[in-house]
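# Give me coordinates for this.
(2 chains)
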Amino acid sequence: MDAFLFSRKIKEVVTMYNHRKIEKKWQEYWLKNKTFKTLDDDSKPKYYVLDMFPYPSGQGLHVGHPEGYTATDIVARMKRMQGYDVLHPMGWDAFGLPAEQYAIKTNNHPGIFTTQNINTFRKQIQSLGLSYDWDRELSTADPNYYKITQYIFTLLYKKGLAEVREVDVNWCEELGTVLANEEIVNENGRMVSEVGGFPVVKRPMKQWVLKITEYADELLEGLEEIDWPLGIKDMQRNWIGKSIGASINFPVKDHDLTIEVFTTRADTLFGATYVVLAPEHPFVEQITTPDCKAQVDEYRNQSKAKTDLERTELNKEKTGVFTGAYAYHPITKELLPIWIADYVLISYGTGAVMAVPAHDQRDYEFAKKHNLPIKQVVEGDISKQAFVDDGIHINSDFLNGLNNQDAINKVIEYLEAHNLGKKTIKYKLRDWVFSRQRYWGEPFPVIHWEDGTITILDKSELPLELPELSDYKPSKSIEGPLSKAKDWLEVTRADGVKGRRETNTMPQWAGSCWYYIGYILNKGNGEFLDLESEEAQKRLEKWLPVDLYIGGSEHAVGHLLYSRFWHKVLYDYGLVKCKEPFKRLFNQGMILGENNEKMSKSRGNVINPDDIVFSHGADSLRLYEMFMGPLEATKPWSTTGLDGARRFLERVWRLYVNEDHTLSAKIVDQDNKDLEKVYHQTVKKVTEDYETLNFNTAIAQMMIFINEAYKS
RNA sequence: GCCAGCGUGGCGGAAUUGGUAGACGCAGUGGACUCAAAAUCCACCGGACCAUAAAUCCAUGCGGGUUCGAGUCCCGCCGCUGGCACCA
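From the prediction side, this is the model:
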């Protein structure tokens, strides 16, 4: 194995600086003596430094993991030395799809696979010599842990933030299962399963939904008070997508219906020349005239068959059909034709828009294509495209002469006074579909009774553990595999009413939403403190928020938004005392292969940390990864660069130790005046650079110091 | 298309607040040690002019600008990376 790994012969040096011997000795010592145990000493200031915990995949650790872990480890060690009580834990995001697929393939319990992987990961992480407090270790798939995940769900439910709703799922008849988006591929514009290439269709199903949208404003405001990379904050802001606009009512001719549209450009109301509904809009059925029915039905079927991908990717072609119906302009009472088109999304705003082709590019393209009238209401050039900038209003009755903002204010005032519409705020953020038709996840603590009511399990009944199954293959029904666990599934109430447990499980995000709290509640004996207990409250108040949180930016709008949401719910229950869970966030960059491409098996450029730990040692690996460049940058691996890191450690070693393993004569008790200046420079620079996570320059300074020490 | 970030030697990168551009490392060149090599130690290492050095000039993606002074600030381009993407 090592032949190609060594670009340089380390063999003979190993007798001098023997990393295998040294690292083994100290790692065993640390583990045995619990050197890095959190003290819980209230006389010291606290520091909570957290890594994004890994999903323990079958692949094991890759070189990206040690990068973030080393960064947090440096900070943890520094803070301990500076007299802080440091909480620095590690755990496992242990539920997930690969374990489920393994279970289906081998008919083994996914927990077996998961436990094996966790053991491998733990061993690998320990071989890196990281200073975790292993008494705090946790796994999201541990019933002691997911007991609290389930309990937090009941808290959400009691606040009205969890409800059952009809939501489309990706159903694959052939495989007899519901598929996740990442298990579907696009084949000639049709959805097919990644496995086998069988057709997949959207099908509605009752699912749990968490109303994260109710916290949209708080999630937005909270961003102001936290020290996160600007890019991540922007991504969250865009994801939440708050727009201030107006909803305006357009009554339908010959029907007792009013179409409500949402617009941010109410000022262009006099330029509206038609109305467009999303194909899925509930009014379509009722308003379509008999002579248009055939084309409307066909269009709606077409849109249903399109994949999400196709609907967005083919956005040059603005397709749509006329319903035969008309709506009244709310002010001029003109008749405007009502169309349906899939450029209008049912899931945003009201699923209906007033089309102002002169001043909206999408409406412009649609009007050109379908020969609909274009009416200009803001001065500007509309010969080639819509004019969307600020300008003076024309052809707009009482808005004439105003600019955009003044016109918006004035028209909304008018609409509100005449009961035709009102100022409205909409968000891009959607409620969170919280059900998965899977086995390997947290069961919902819920019973559905035959009389149609729902019971949420009491805290004393938790955890509701996953039942054992005779096989993990798909259920062949739209329900998840849990529907096969008859004994577990069916319950009877004291009054004889029968019920079934929920057959869905929670998504992988659930367990990771509160794990930073889980470490604090961990008693160290496999149990967790009750969230509401006095002891838990005392600990939470001490340790939260997380002072420094490091991980990849791929969780920018998933995990990091969902945990902030749960945290805010817990805050509203008074269970946590701070509004934000992660005070300072930092994203480490990606490590590319030596050829500057993403590491992957197929490219043959994967570096395995185990091999490096064996050949060069954990300290060389860690030093190199910190020296490669800025922590946040994407940077390529270099084997000769790694050799350089190893060489520096040997150089430091030789400064202390003679070839015969005696202490070097250079190491003396007295201060050396020649080194005084560079020593102070080094202390200052390293201290500052560690605080700002500029480890590459801190290491460069230490190299300068060692070079000077050699010279004197 | 929109949002964010980046562009500096052969390579990874430094220059933290507008003040000696290229710290530190890798690769390379020369020397010492050695029978020889490896390892180690020392020196050199952006380009032009030049035998060499000094001196000078050019140089931080491109074109302008502000300033005594710009890699850093401003305007306009070009290129790359990440994210979002018909959000009305």
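
# what are the ranges of the strands in the stretch 1-150 of chain A?
A:46-51, A:85-87, A:91-92, A:138-139 (DSSP state E, counting those that start in this stretch).

# Need the winner for burial among those.
Using mean count of other CB atoms under 10 Å, the stretch among the strands of the stretch 1-150 of chain A with the largest mean neighbour count is strand A:91-92, at a mean of 25. C-beta: built from backbone N, CA, C; applies to glycine.

# and that one, what does it pack onto?
On a contact count with 3 or more CB pairs under 8 Å, 6 or more residues apart in numbering; DSSP states H and E, strand A:91-92 meets helix A:110-126, strand A:138-139, helix A:515-521.

# low pLDDT regions in chain A?
Low-confidence regions of chain A, defined by pLDDT under 70, span residues A:1-15, A:188-189, A:305-316.

# closest point of it to RNA strand B, which residue?
Nearest to RNA strand B in chain A, going by CB to the nearest atom of the strand, is residue A:644, at a distance of 2.6 Å.

# residues in contact with that residue?
If a contact means CB atoms under 8 Å, 6 or more residues apart in numbering, then residue A:644 has residue A:624 as its contacts.

# Only the C-alpha atoms, please, for stretch A:458-475, written as CSV.
What follows is the C-alpha trace of stretch A:458-475 in CSV, where atoms were taken according to Å, rounded to 0.1, in the frame of the first residue of the first chain:
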residue,chain,number,x,y,z
ASP,A,458,-47.1,11.4,26.5
LYS,A,459,-43.5,12.0,27.6
SER,A,460,-43.7,9.0,29.9
GLU,A,461,-44.4,6.7,26.9
LEU,A,462,-41.3,7.8,25.1
PRO,A,463,-39.2,6.6,23.4
LEU,A,464,-41.4,4.9,20.9
GLU,A,465,-38.8,2.5,19.6
LEU,A,466,-38.5,1.2,16.1
PRO,A,467,-40.0,-2.4,15.8
GLU,A,468,-37.9,-5.2,14.4
LEU,A,469,-39.1,-6.3,10.9
SER,A,470,-38.8,-9.7,9.3
ASP,A,471,-37.7,-8.0,6.2
TYR,A,472,-36.8,-4.4,5.2
LYS,A,473,-38.0,-4.5,1.6
PRO,A,474,-40.5,-1.9,0.5
SER,A,475,-44.0,-2.3,1.7
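
# neighbouring contacts of that stretch?
Outside of stretch A:458-475, the residues within contact range by CB under 8 Å, 6+ apart are A:100, A:103-104, A:107, A:109-110, A:143-144, A:146-147, A:150-151, A:154, A:175-177, A:439-440, A:443-445, A:457, A:481-485, A:487-489, A:501, A:505.

# Show the contacting residues for residue A:144.
Contact criterion CB under 8 Å, 6+ apart gives A:463, A:526, A:527, A:528 as the residues in contact with residue A:144.

# returning to what we had before: output the helices and strands packed on strand A:91-92 in TSV, with distance to residue A:298 appended to each entry.
Formatted as TSV, the entries for those read as follows, by distance: least, CB to CB, whole Å:
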stretch	distance to residue A:298
helix A:110-126	44
strand A:138-139	52
helix A:515-521	50
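
# In space, what's closest to residue A:642 - neighbours in sequence excluded?
For residue A:642, the nearest residue in space outside its immediate sequence neighbours is residue A:624; the separation is 4.6 Å by CB to CB, 6 or more residues apart in numbering.

# I'd say the one you found and residue A:649 touch.
No - when contacts are counted by CB atoms under 8 Å, residue A:624 is not listed as touching residue A:649 (9.9 Å).

# Looking at those two, which has the bigger crowd around it?
When residue A:624 and residue A:649 are compared on other CB atoms under 10 Å, the one with more neighbours turns out to be residue A:624, at 26 against 17.

# who's in contact with the more buried one?
Counting by CB under 8 Å, 6+ apart, residue A:624 makes contact with A:616, A:641, A:642, A:644, A:645, A:646.

# if you set the cut-off to 10 Å instead, what comes out?
Taking CB atoms under 10 Å, 6 or more residues apart in numbering as the contact definition, residue A:624 lies against A:63, A:66, A:70, A:612, A:616, A:637-639, A:641-646, A:648-649, A:699.

# Filter those residues down to the buried ones, ChimeraX style.
Burial among the contacts of residue A:624 is assessed by 16 or more other CB atoms under 10 Å; the matching ChimeraX selection reads:
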select /A:63,66,70,612,616,637,639,641,642,643,644,645,646,648,649,699
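
# what sits against the residue lying closest to residue A:233 once chain neighbours are set aside?
The spatially closest residue to residue A:233, leaving aside those adjacent along the chain, is residue A:223, at 4.9 Å (CB to CB, 6+ apart). Listed by CB under 10 Å, 6+ apart, the contact partners of residue A:223 are A:232, A:233, A:234, A:236, A:237, A:240, A:564, A:580.

# make it 8 Å
Applying CB under 8 Å, 6+ apart, the residues contacting residue A:223 are A:233, A:236, A:237.

# Kindly provide the distance from it to residue A:90.
Using CB to CB, to the nearest Å, we find residue A:223 at a distance of 28 Å from residue A:90.

# Could you do residue A:575 as well?
24 Å.

# Between those two, which is the more surrounded one?
residue A:90 (22 against 17).

# Without its sequence neighbours, what residue ends up closest to that one?
Closest residue to residue A:90 apart from its sequence neighbours, by CB to CB, 6+ apart: residue A:132 at 4.5 Å.

# just to revisit the earlier point, for the residue nearest to residue A:642, phi and psi?
Torsion angles at residue A:624 (phi, psi; degrees, to the nearest 10) stand at phi -60, psi -50.

# before we move on, the earlier item: I only care about the contacts of residue A:223 that end up buried; give me the ChimeraX line for that.
The buried residues among those can be selected in ChimeraX (16+ other CB under 10 Å) with this line:
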select /A:233,236
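
# Tell me which of the contacts of residue A:223 fall in helices.
With DSSP state H as the criterion, helices contain A:233, A:236, A:237 from among the contacts of residue A:223.

# Just confirm the last one contacts residue A:220, I think it does.
It refers to residue A:237. Yes - in terms of CB under 8 Å, residue A:237 counts as a neighbour of residue A:220; the distance is 6.6 Å.

# For residue A:237, which residues are in contact?
With contact taken as CB under 8 Å, 6+ apart, residue A:237 is in contact with A:220, A:223.

# Need the three-state assignment for residue A:500.
The assignment at residue A:500 comes out as strand when based on DSSP: H, G, I helix; E, B strand; the rest coil.

# what bridges to it?
On DSSP bridges, the residues paired with residue A:500 through beta bridges are residue A:448, residue A:490.

# before we move on, back to that, so the residue of chain A closest to RNA strand B sits in a strand?
No - the secondary structure assignment for residue A:644 gives helix rather than a strand, going by three-state DSSP.

# That one and residue A:703, how far apart?
Spatial separation of residue A:644 from residue A:703 under the definition CB to CB is 10 Å.

# Can you pull the residues that touch both of these two?
Residues touching both residue A:644 and residue A:703 (CB under 8 Å, 6+ apart): none.

# List of residues touching stretch A:151-162?
Stretch A:151-162 is contacted from outside by A:208-211, A:214, A:434, A:442, A:444-445, A:456-457, A:459, A:462, A:506, A:510, A:513-514, A:531, A:566, A:569-570, A:572-573, using CB under 8 Å, 6+ apart.

# Revised request: answer the last question for stretch A:477-495.
The contact list for stretch A:477-495, computed with CB under 8 Å, 6+ apart, reads A:169, A:171, A:176, A:178, A:203, A:205, A:436-439, A:443, A:447, A:449, A:466-475, A:498-505.

# what's near enough to touch the most centrally placed residue in chain A?
Nearest to the mean C-alpha position of chain A, by CA atoms, centre = their mean, lies residue A:558 at 1.9 Å. Listed by CB under 8 Å, 6+ apart, the contact set of residue A:558 reads residue A:509.

# 6 Å - rerun?
Taking CB atoms under 6 Å, 6 or more residues apart in numbering as the contact definition, residue A:558 lies against nothing.

# Can you read off the backbone torsions of it?
Dihedral angles of residue A:558 (phi, psi; degrees, to the nearest 10) stand at phi -90, psi -100.
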